[in-house]
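In: would you be able to build a 3D model of this:
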Amino acid sequence: MTAPVQGSCHCGAQRFAAPPPAEVTHCNCSTCSKRGTVAAYYAPGEVEFSLSRETLASYQWGDRMMTFHHCVTCGCAVFAESDAWTTDGGEARPARITLNARLFDDFDLEAVPVRRVDGRNGW
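Out: Now for the predicted structure:
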């Protein structure tokens, strides 16, 4: 079994651990673009969090019930949660945790494949 990847926001208040991602996703939707996120997707039980709740803020967006979490101390977009949903094209998407892979410690993002998604023009 591969050791989990550790990650944190810039100030270290929000921490997480998860399996190394097999790929990451670069999406050009307004949320990912403006938050600077490179996404690593996980089933809800795959991620372990150590969060400072008093400095973690949430933002809920859209009809897909996505909740984005960021650190209010350093401003880093840390993770998002989403319920199961279906794309406009009929593709079923499971509930998931989306980690900002840019926050992984000691992990070479250049070494994993990048999936590109045109979220700006619809799912």
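In: now for residue 11: which residues touch it?
Out: Going by C-beta atoms under 8 Å, 6 or more residues apart in numbering, residue 11 touches 71, 73-74, 76. In short, each C-beta sits where N, CA and C put it, glycine included.
In: revised request: answer the last question for residue 82.
Out: 64-67, 93, 95-96, 98.
In: so among those residues, where is pLDDT lowest?
Out: Scanning the contacts of residue 82 for pLDDT, the low point is residue 64. It has 59.
In: what segments of this protein are helices?
Out: 30-35 (DSSP state H).
In: surely residue 32 meets residue 119?
Out: Yes: contact criterion C-beta atoms under 8 Å: residue 32 and residue 119 qualify, at 6.6 Å.
In: neighbour count: these two, which is higher?
Out: When neighbours are counted by other C-beta atoms under 10 Å, residue 32 and residue 119 differ, and residue 32 comes out ahead with 22 against 16.
In: measure the more buried one to residue 91 for me?
Out: 18 Å (C-beta to C-beta, to the nearest Å).
In: and residue 30, by the same measure?
Out: Taking C-beta to C-beta, one finds residue 30 at 20 Å from residue 91.
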